[in-house]
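>>> The following block contains a protein sequence and its predicted model.
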Amino acid sequence: MKLVTLTVIISFLLDSIISYLIPTNSLLLPLCSLISLIIIYPFFHKETNNYLIWSFGLGLLYDIVYTDTIFLNAVLFLMIAYMIKMIYQYLSNNVLNVTIISFIVVVLYRSMVYLLLISVGYLNNDFNTLVTSIYSSLLLNIVYGIILYLITNYLSYKYKIDKVD
Amino acid sequence: MTNKKLEKKYIILIILLGIAIFLGVVTKIVTDNRKLNPLEQGIKDIVVSLNKVINVPINYVKDKINESNEKDDLYHKYKKIEQQVDDYYNQLAKINELESENKELKKLLDIDYTLADYTYLNALVINRNIGYWYNTITIDKGRNSGVTENIAVINGDGLIGKVIKTTNFSSTIKLLTSDELNSKISVKIKIEEKNIYGLLTGYKKDEKCFIIEGISENIDIPSGALVTTTGMGDVFPSGIIIGKVRSVGTDNFDLAKIVEVESSVDFNNLNFVTILKRKANQE
């Protein structure tokens, strides 16, 4: 559980650090907290309820600290965590699959937030903005997902931490 | 069979009701004027303080890089400043005269807020627009430093936005690039000695320019004219730079002008900002 905690905390703080270092119109928009949900799932074995609680908690923290939209990301993170759980029933845990799941998660998260904000009248309907937000987020987060997978995989092997592959 | 159908109908009804309630809650929580509850404020303060500590070494490295870049240019800057110093005392005398003149005119016209009525509070940006859609930044000054909601935020280049949420040690700034904010600001375009008044109506993200409407068709507006705030309304004092006129067109009916204004601020790379706090006697 220490590795999971460390992964989540580092990813959460990285969201802020990267946003501070990189211009907001760049092609490297961070969603590190979201990507950490993909990486930590295999460490929960069959305790999927715990995994969902962690996802909800991380989303809630993201809401409070970064977006001031209490419960919005908590619910979205929970839904995405559930989807990750479903995907892992069919895919094994390896670099290629982490890349594929990262891609799906980024596209899904950006689209879900966009659709929600449009439906409540917060945003005007502009499909180009959605496309821009998606392609600006893909590169950095997929690379982050791969790096995080390799590091956690190495550490779990080194310290004999159980994980489902 | 009938029971099963009825059950299915109930489930669909419950799901639809759930979605409706969720959308209702989302509508409430994304609004800018929602007050943060004490728990939110406490957690946000702790994490922002942590972020501030983490940013110290990052800022140190950033500063060192900037410093080495600026060293090459130091001699030219020194010469330029030397020339400016010669003119300083003349300008100081002029400012004193203008200040007293300004005070008298304000009394006569009963104007409340201009830039002279504000104190400046510098703040460091902690994170920039993480939520992507909300056009906000978080800074390291909050209520403990005297920051309150609905006050203007600027930087050396011009107007940035306004404070929408505060905690004890941090504040959230809504950027001027956000549609909810920039559609309500009264601005003036300075043409020689005349001021032409209009309204900001939006921001074109792809072209990085603001739109001004409400200007009569028969007024000539040259490119490069300076656009500033008028001071009408409670939030933005008069005279803060928005940008310069880039191009002028007309609306679909050829009745009014549509002016595109190139922003003077780089909204994608904000590191330091200045909060305009009203002086104590103005509050």
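Looks like it arrived, so ask away.

>>> make it CA atoms for all contacts and neighbour counts henceforth
Will do.

>>> what's the spacing between residue B:60 and chain A?
The spacing between residue B:60 and chain A, counted by C-alpha to the nearest C-alpha, to the nearest Å, is 13 Å.

>>> meant to ask about residue B:237, not that
Residue B:237 is 27 Å from chain A, by C-alpha to the nearest C-alpha.

>>> next one: phi and psi at that residue?
phi -70, psi 170 (degrees, to the nearest 10).

>>> That one contacts residue B:230, doesn't it?
Yes - counting by C-alpha atoms under 8 Å, residue B:237 does reach residue B:230; the two are 7.0 Å apart.

>>> Now do the SS call for residue A:160.
Following DSSP: H, G, I helix; E, B strand; the rest coil, residue A:160 is assigned to coil.

>>> typed the wrong thing, it's residue A:125
Secondary structure assignment for residue A:125 (three-state DSSP): coil.

>>> so what pLDDT did it get?
Note on residue A:125: pLDDT of 85.

>>> who's in contact with it?
Contacts of residue A:125 were listed using C-alpha atoms under 8 Å, 6 or more residues apart in numbering or on different chains, and they are residue A:118.

>>> where do the helices sit along the chain?
Picked chain A for this. For chain A, the helices defined by DSSP state H occupy A:2-21, A:32-40, A:48-62, A:72-88, A:95-119, A:127-158.

>>> The chain in question should be chain B.
With DSSP H as the criterion, chain B has helices at B:2-29, B:38-71, B:74-109, B:179-182.

>>> hmm, the last one touching chain A?
No - for helix B:179-182, no contact with chain A is found by C-alpha under 8 Å from any C-alpha of the partner chain; the gap never falls below 8.5 Å.

>>> Just the residues contacting that helix, thanks.
Here helix B:179-182 makes contact (C-alpha under 8 Å, 6+ apart) with B:161, B:174, B:175, B:176, B:200, B:201, B:202, B:203.

>>> and chain B, which of its residues are near chain A?
B:23-24, B:26-27, B:29-30, B:36, B:40, B:43-44, B:47-48, B:51, B:55, B:125-134, B:268-269, B:271.

>>> Pull up the gap between the residue positioned nearest the centre of chain A and residue A:104, please.
Most central in chain A under C-alpha atoms, centre = their mean is residue A:34, positioned 1.5 Å from the mean C-alpha point. Applying C-alpha to C-alpha, to the nearest Å, the value for residue A:34 to residue A:104 is 12 Å.

>>> same thing with residue A:118?
Noted for residue A:118: a distance of 21 Å to residue A:104, by C-alpha to C-alpha.

>>> CA atoms of the helix or strand bottoming out on mean pLDDT in chain B as CSV?
Every helix and strand in chain B was compared by mean pLDDT, DSSP states H and E; the lowest is helix B:179-182, with a mean of 73. Taking Å, rounded to 0.1, in the frame of the first residue of the first chain, the C-alpha atoms of helix B:179-182 are listed here in CSV:
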residue,chain,number,x,y,z
ASP,B,179,-16.3,34.2,-21.4
GLU,B,180,-18.2,34.7,-18.1
LEU,B,181,-15.8,37.4,-17.2
ASN,B,182,-14.9,39.3,-20.4
